[in-house]
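Asker: Quick one: sequence plus predicted model below, questions after.
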Amino acid sequence: MDSSTEALQQSLVKLLAVVDRLDARNLQTVQRLEAATAAMEQGVGRLDRGGEQFAQQAAHGVQWAAQAMDEQRKSLAAARRSLLWIGAMALLIGSLLAAGGTAWIAHRSMQEIAQADFGKDILQATRDGAITRCGDSLCVRIGKKPRHYGKEGEYVLLQDPVVR
């Protein structure tokens, strides 16, 4: 039994050596797995920080764009108000010019009508003989008792008033 004990001891020693090597390899594997896990956690941490930084930059960009759009909206609102006021003022000025032009045309037409009536009255007075030529001058028939007109009586009325 000696040889079998010895063989058993040698097998046991070999088995212990294999177990030791397996333990060493297992320990190395565990260490590698722990290192890989630590590296992965570090990578995930970097990704988290990178993602966080990206999210912060994106939020800052969105905030800047919102402020820029708000400023543009305010600028456009001010420009719209300005254009509305300019349009209203232009309409008011145009209306005033149209009313003024109409009033001037009406006044001018009334003057022309009055001048036409004056010319008509002179023509009628000439036909009636109240105004005539005396040589190279004009003469007016005023009657025996002339009537005066004006603040200081500087005008003399014709003898026969023109009846229309």
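Answerer: Arrived safely, thanks for sending.

Asker: would you say Cys139 is within a strand?
Answerer: Yes. Assessed with DSSP: H, G, I helix; E, B strand; the rest coil, Cys139 lies in a strand.

Asker: With adjacent residues omitted, what lies nearest to it?
Answerer: Nearest non-adjacent residue to Cys139, counting by Cβ to Cβ, 6 or more residues apart in numbering: Thr132, 5.4 Å away. C-beta here means a position set from N, CA and C on the backbone, and glycine is covered the same way.

Asker: gap between the helix or strand hosting the one you found and the chain center?
Answerer: According to DSSP states H and E, Thr132 maps onto strand 131-134. Centre-to-centre, strand 131-134 and its host chain are 74 Å apart (Cα atoms, centre = their mean, to the nearest Å).

Asker: re the thing from before, wait, isn't the residue nearest to Cys139 in contact with Leu158?
Answerer: No. Applying Cβ atoms under 8 Å as the test, Thr132 and Leu158 come out as separate, 11.5 Å apart.

Asker: So which residues of this protein form strands?
Answerer: Chain-ordered strands for the chain, with DSSP state E as the definition, fall at 131-134, 137-140, 148-149, 155-156.

Asker: Using JSON lines, please lay out these together with mean pLDDT, mean neighbour count and distance to Glu112.
Answerer: Converted to JSON lines, the strands of the chain look like this (pLDDT from 0 to 100; neighbours: other Cβ atoms under 10 Å; distance: least, Cβ to Cβ, whole Å):
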{"stretch": "strand 131-134", "mean pLDDT": "82", "mean neighbour count": "12", "distance to Glu112": "22"}
{"stretch": "strand 137-140", "mean pLDDT": "83", "mean neighbour count": "10", "distance to Glu112": "24"}
{"stretch": "strand 148-149", "mean pLDDT": "84", "mean neighbour count": "10", "distance to Glu112": "24"}
{"stretch": "strand 155-156", "mean pLDDT": "82", "mean neighbour count": "12", "distance to Glu112": "23"}
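
Asker: Give me the domain ranges for the protein.
Answerer: The chain is divided into the following domains under automatic domain parsing: 2-128, 130-164.

Asker: where among those domains is the average confidence lowest?
Answerer: Least confidently modelled of the domains of the chain is domain 130-164, at a mean of 78 by mean pLDDT.

Asker: Tell me the spacing between Gly119 and Arg81.
Answerer: Separation of Gly119 from Arg81 (Cβ to Cβ, to the nearest Å) stands at 56 Å.
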